[in-house]
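Q: Kindly generate the corresponding structure for this input.
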Amino acid sequence: MELRARAAQTRLIAFDIDGVMTDGGLTYTDDGHELKTFNVQDGLGIKLLQKAGIEVAIITGRKSGVVAARARDLGIEHVHQGVADKRATLAALLERLGVQWPECAFMGDDLIDLPAMTRCGLAIAPANARPVVKEIAHTVTEAGGGRGAVREAAELILEAQGRLAAAFAPYLDPQ
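A: Alright, predicted model coming up:
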């Protein structure tokens, strides 16, 4: 199936965190607190997806208070942390939401993401993904994780669904 057709049927997109929503780096303070850097343009991309009625989820292998805070900030309701089997977690979410596998996108960068990515209708990898993940993905973004890759994915989906112009319109209105 062609990339545009895959993106056009997306009703839910799930994202990994480290290496996708962030650059994959982990920073710790002297007292052991973890720091992550997120991209604000990626955040707006998520908000655009949500406004278009596309469900957004986070499914990550690590647990972090920083991730929970970012999810709250963006209004992401479906947040799954400390997940060893991302495919099973995603399957349960799809069932709960009444979404089919072909209507689901997943964006990941490493081996743990492959079981979910290979089942989804649209598999997206950021530019910094491992080579094997890029080979499996239906598309690879030009930007790396934490550097606009999520925004690229959001715009790809919205464009394929004919919703990108409407999503941009409130920001382009001169009044």
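Q: wait, what's in contact with Gly43?
A: Residues in contact with Gly43 (CB atoms under 8 Å, 6 or more residues apart in numbering) are 70, 73-74. Every C-beta, even on glycine, is put in place using the N, C-alpha and C of the backbone.
Q: So, low pLDDT: which residues of this structure?
A: Low-confidence segments of the chain (pLDDT under 70): 174-175.
Q: and Lys154, how far is that from Gln161?
A: Check again: residue 154 is Ala, not Lys. Distance, Ala154 to Gln161, using CB to CB, to the nearest Å: 11 Å.
Q: who's more crowded, these two?
A: It is Ala154, of Ala154 and Gln161, that has more neighbours when counted by other CB atoms under 10 Å, with 26 against 19.
Q: thought Asp109 was touching Val133?
A: Yes - assessed by CB atoms under 8 Å, Asp109 is found in contact with Val133 at 5.9 Å.
Q: tell me, what's touching those two both at once?
A: Residues touching both Asp109 and Val133 (CB under 8 Å, 6+ apart) are Ala125.
Q: More neighbours: which of these two?
A: Comparing Asp109 with Val133 by other CB under 10 Å, the one with more neighbours is Asp109, at 26 against 23.
Q: mind checking the SS state of the more buried one?
A: coil (DSSP: H, G, I helix; E, B strand; the rest coil).
Q: Ok, the one 3 residues further on next?
A: In three-state terms, and counting by three-state DSSP, Ile112 is helix.
Q: What count of nearby residues applies to it?
A: Neighbourhood size, Ile112 [other CB under 10 Å]: 19.
Q: Nearest residue to it in space, ignoring adjacent ones along the chain?
A: What sits nearest to Ile112 in space, not counting adjacent residues and going by CB to CB, 6 or more residues apart in numbering, is Gly61, at 5.3 Å.
Q: what about that neighbour, distance to Ala167?
A: As judged by CB to CB, Gly61 and Ala167 stand 30 Å apart.
Q: What of Ile76?
A: Distance, Ile76 to Ala167, using CB to CB: 17 Å.
Q: related to what we said a few turns ago, so between Gly61 and Ala167, which is more surrounded?
A: Counted by other CB under 10 Å, Gly61 and Ala167 do not tie: Ala167 has more neighbours, with 20 against 17.
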